[in-house]
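[1] here is my input; please provide its structure:
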Amino acid sequence: MKKTIASLLVCAAFGSAHAAAPKADIVRHKIPNSDFPIALAVTIPPTATIHFISGQVPAVVNKDAPADSLEAFGDTKTQSESVLKKIKEILQGMKLEMSDVVKMQVFLVGDPAKGGKADTKGFMEAYTQYFGSSAQPGPQLNLPARAVVQVAGLSNPGWLVEIEVVAAKK
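    Alright, predicted model coming up:
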């Protein structure tokens, strides 16, 4: 009986201390000695709400081109700009911002114009319009943790880019 009462007192004390604790911030851990515009890691406190945004694909930029062609969607930079703009609009519709993105997964298809290699330079030109570094004024500095992978293909042969994100807000 004494053990049960002691356990309840410990739980009650922990619960009240936990409830009184200040809300922790979302922490973005920088890559040491680097200005590369991604976070090494992001720590999300239990007080934050996490939002998973499905993979987004590019919008058509040339309606006269065949619907399954690169000409319909543009190069990697154009497609990346289109996808990131879509993600920004989705987040805004959820009362979130690009600065709330904590994780990004990027799928790039090898560009035939680049010998079948992913155009990471084109992707980065679009990405840094939204996520910068301290050396680049303009884009917000709340950098996400990120992975970029080259894939064999996406469901439309004209797509070179698909991006999914996770956003968090306290």
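[2] quick one: the helices in the chain?
    Using DSSP state H, the helices assigned to the chain run over residues 2-20, 70-73, 76-93, 120-127.
[3] how far off centre is stretch 107-115?
    21 Å (CA atoms, centre = their mean, to the nearest Å).
[4] do stretch 34-42 as well
    With CA atoms, centre = their mean, you get 12 Å for stretch 34-42.
[5] related to what we said a few turns ago, of the helices of the chain, which shows the lowest average pLDDT?
    Lowest mean pLDDT within the helices of the chain: helix 2-20, at a mean of 40.
[6] residues contacting residue 118?
    Applying CB atoms under 8 Å, 6 or more residues apart in numbering to residue 118 gives the contacts 76, 108-111, 148, 150. Quick note: C-beta positions are derived from backbone N, CA and C, even for glycine.
[7] for residue 144, see how far away it is.
    For residue 118, the distance to residue 144 (CB to CB, to the nearest Å) stands at 19 Å.
[8] next one: phi and psi at residue 31?
    Main-chain torsions, residue 31, degrees, to the nearest 10: phi -70, psi 120.
[9] that one and residue 37 touch, don't they?
    No: judged on CB atoms under 8 Å, residue 31 makes no contact with residue 37 at a distance of 9.6 Å.
[10] and those two? which has more neighbours close in?
    The neighbour count for residue 31 versus residue 37, taken as other CB atoms under 10 Å, is higher for residue 37 (21 against 13).
[11] next, count neighbours for the closest residue in space to residue 110 that isn't next to it in sequence.
    Among residues not flanking residue 110 along the chain, residue 116 sits closest, at 4.0 Å (CB to CB, 6 or more residues apart in numbering). Burial of residue 116, expressed as a neighbour count using other CB under 10 Å, amounts to 10.
[12] show the pLDDT at residue 116.
    97.
[13] how near is it to residue 30?
    Counting by CB to CB - residue 116 and residue 30 are separated by 34 Å.
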